[in-house]
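>>> Please work out how this folds:
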Amino acid sequence: MKPVIKSIANKYENHAANLIINIQQNEFGVPITLKDQPDLFDIQNFYYSGGGGFWGAFIDDELVGTIALVKFEDHKAAIRKMFVKKEFRGKEFSIAQKLLDTLLEYCRENQINDIYLGTVSILEAALRFYEKNNFVDIQKDVLPEKFPLMAPDNVFRHLTLK
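Numbering: from 1, shown residues only. Down below sits the predicted model:
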């Protein structure tokens, strides 16, 4: 059961939305709804049209993880929608790492040098994961002006690729 990482678009939006909202609401109790995330129902326009992307991790044709990139300035982008189904987390599958590596490779190929993300403090494993991948804490008030802020986010990280 080796994960396959590939670009996904509108064809997978219901699968992605179900995976993401289940983790956000049911697993972590994050106060966010699908209505708060219209990007999930227009992946093509929201992520790809501006120079970003959206990737999925599949095991036996089942979507088990996602990661997305919103490009908001020439050389700056934000990670969004990084979620892995509970039973596929950890070193055995390394899905989160493979998703992040795919996104970072895309950034390098497309001269995106500054990567930002916002998350919530209760996602402690995610925070450790980003730290392990050299993301550093950044205060909300020094985020780039065009950073696409999500209401529940209260922790912010930054990675310089150059």
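>>> Please export the C-alpha coordinates of the longest helix seen in the chain as CSV.
In the chain, taking DSSP state H as the definition, the longest helix is helix 95-109. Below are the C-alpha coordinates for helix 95-109, written out as CSV (Å, rounded to 0.1, in the frame of the first residue of the first chain):
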residue,chain,number,x,y,z
ILE,A,95,1.8,10.7,3.5
ALA,A,96,2.1,14.1,5.0
GLN,A,97,5.8,14.2,4.1
LYS,A,98,5.2,13.1,0.6
LEU,A,99,2.5,15.7,0.1
LEU,A,100,4.7,18.5,1.5
ASP,A,101,7.7,17.3,-0.6
THR,A,102,5.5,17.4,-3.7
LEU,A,103,4.3,21.0,-2.9
LEU,A,104,7.9,22.2,-2.1
GLU,A,105,9.2,20.7,-5.4
TYR,A,106,6.4,22.6,-7.2
CYS,A,107,7.4,25.8,-5.4
ARG,A,108,11.1,25.4,-6.4
GLU,A,109,10.1,24.7,-10.0
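>>> That one packs against which elements?
Packing partners of helix 95-109 (3 or more Cβ pairs under 8 Å, 6 or more residues apart in numbering; DSSP states H and E): strand 4-7, strand 53-59, strand 62-73, strand 76-84, helix 124-132. Where you see a C-beta, it was placed from the backbone N, CA and C, and this is true even at glycine.
>>> Can you check the pLDDT for residue 32?
On pLDDT, residue 32 comes in at 87.
>>> any idea how far it lies from residue 17?
Note on residue 32: its distance to residue 17, by Cβ to Cβ, to the nearest Å, is 12 Å.
>>> ditto for residue 135
Using Cβ to Cβ, residue 135 is found at 26 Å from residue 17.
>>> who touches stretch 133-149?
Residues outside stretch 133-149 that contact it (Cβ atoms under 8 Å, 6 or more residues apart in numbering): 70, 72-73, 76, 78, 80, 97, 100, 114-118, 155-159.
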